[in-house]
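following is a predicted model, sequence given first.
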Amino acid sequence: MNELNIGVLGGGSWGTTVASLVARNTPVTLWARNPDTVAEINDRHSNETYLPGAKLPDNLRATADIMDVVCHADVIVMGVPSQNFREVLMEVRRCIRAWVPVISLTKGLELDTRMRMTEIINDVLPGHPAGVLTGPNLAREIMAGQAAAGVIAMDDPVIVRGLQNVFKSGLFRVYTNTDVIGCELGGVLKNIIAIAVGMGDGLGAGDNTRAALITRGLAEVTRLGVAMGGRAETFAGLAGMGDMIATCTSSQSRNRHVGMELAKGRSMQAIIDDMFMVAEGAKSAPAVMALAEQHDVEMPIARDVYRVVTGETNARGVYRGLLRVSAGAESEPG
Ligand SMILES: NC(=O)C1=CN([C@@H]2O[C@H](COP(=O)(O)OP(=O)(O)OC[C@H]3O[C@@H](n4cnc5c(N)ncnc54)[C@H](OP(=O)(O)O)[C@@H]3O)[C@@H](O)[C@H]2O)C=CC1
Ligand SMILES: O=C(CO)COP(=O)(O)O
């Protein structure tokens, strides 16, 4: 592979992990806004706040100067949370070179506009190929060297194959896909179902309940995803079912953690105040509900999560709803 300079923006759990994967293949610079994080990555090859115990590659360089990364990058990788995505891209616009692709790692929607991250890339940086890297990829597991697989999705089948080589490694298998909408929505929507599963687990639900929630959750995620232009088969793949399983069953998932805390009767605000990492599902829930309405798609599980997250009811109150007893055909909502 010709050496490309990759710029990763966002020094949290996933930005740091992806930069570490890329460092095996090609030169990479990580931008973190916190100078202490930058110094720690450069001097001690660690990011203890977000990836405790992980040893980062010696050749991973970090900087607090975003222009230092963007002005020289052949590819930009966006690893900041969804509600900060646009403001960081506005900075990127100041010196990104022509035609440089921009890949999103972010699994959320912009609240005000309900836009997906690749839509924001197209909006702020028209003409730059936009893509998404997604799948069942819990950061700490990947840093621990456990095998995983992800998907890179872009409209252009040639560019996407070139970029596959930037991210893949022996233990991180990367597939390609041209269904950007489906891959992106798989990552966004599973977060809300993971909150529902966390609530069930926190209230002592059984394995059968969890399996029912995941399966019915995937059905409603697929319905909205297809209505928004994604392909049904994408939701049966790594970006859909794969990420749904990982997030809904992992003790490392921040979204599932939110659900478990909600099950204790805590308010969303209190839970967020105690978390220093992002849980995108709670943030995206209102936008997802608005999109479901816009596309006339029923999402009973997501709606229940939305009602708990916004304080309209509590986890125990919707628990019966999550375990709905009256059911129609399996192909129908509810
Ligand atoms: N962690 C994971 O396993 C995975 C996460 N993702 C997705 O990746 C995205 C990022 O998540 P993750 O890395 O886990 O989040 P973390 O909470 O671990 O880190 C968030 C990072 O974003 C930075 N940040 C927040 N606001 C801004 C801003 N305005 N400008 C610049 N930087 C900012 C934070 O900086 P600071 O430290 O200074 O606050 C921090 O470095 C999310 O959408 C998530 O869903 C996807 C796959 C796996
Ligand atoms: O997207 C993820 C794994 O694929 C991470 O999930 P959480 O944000 O819930 O930790």
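In hand now; what should we look at? Numbering: from 1, shown residues only. Ligands and ions are numbered 1, 2, ... in the order given.

all contacts plus neighbour counts: C-alpha atoms, from now on.
OK.

kindly report the residues of the stretch 51-200 of the chain close to ligand 1.
When proximity is defined as Cα under 6 Å from any ligand atom, the stretch 51-200 of the chain approaches ligand 1 at 79-82, 84, 88, 105-108, 137-139.

filter those down to the ones close to ligand 2.
137-138.

what does the stretch 51-200 of the chain have sitting close to ligand 2?
135-138.

of those - the most surrounded one?
Within those, neighbour counts (other Cα atoms under 10 Å) peak at Gly135, which reaches 28 neighbours.

how close does that residue get to Val174?
Distance, Gly135 to Val174, using Cα to Cα, to the nearest Å: 9 Å.

could you name every residue contacting both of the two?
Both Gly135 and Val174 are in contact with 149-151, where contact means Cα atoms under 8 Å, 6 or more residues apart in numbering.

just the endpoints, please. Distance across stretch 110-129?
End-to-end distance (Cα to Cα), stretch 110-129: 20 Å.

please renumber the chain so that the first residue is 14 from this point on.
Renumbered: residue one is now 14, and that last one reads stretch 123-142.

what mean pLDDT does it have?
Stretch 123-142 shows a mean pLDDT of 98.

name the residues that touch it?
The contact list for stretch 123-142 (Cα under 8 Å, 6+ apart) reads 95-96, 98-99, 102-103, 106, 111-117, 119, 121-122, 143-145, 167, 197-198, 296-297, 299-301, 303-304.

quick one: it to chain centroid distance?
Distance of stretch 123-142 from its chain centroid, counting by Cα atoms, centre = their mean, to the nearest Å, is 15 Å.

next one: stretch 195-209
Centroid separation for stretch 195-209 versus its chain: 8 Å, with Cα atoms, centre = their mean.

which stretches in the stretch 114-263 of the chain count as helices?
Here the stretch 114-263 of the chain has its helices, by DSSP state H, counting those that start in this stretch, at 130-137, 152-156, 170-180, 193-215, 220-240, 245-248, 256-262.

got those helices as a markdown table, with distance to Pro70 and mean neighbour count columns?
Converted to a markdown table, the helices of the stretch 114-263 of the chain look like this (distance: least, Cα to Cα, whole Å; neighbours: other Cα atoms under 10 Å):
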| stretch | distance to Pro70 | mean neighbour count |
| --- | --- | --- |
| helix 130-137 | 28 | 20 |
| helix 152-156 | 10 | 19 |
| helix 170-180 | 15 | 17 |
| helix 193-215 | 27 | 29 |
| helix 220-240 | 36 | 20 |
| helix 245-248 | 33 | 20 |
| helix 256-262 | 26 | 24 |
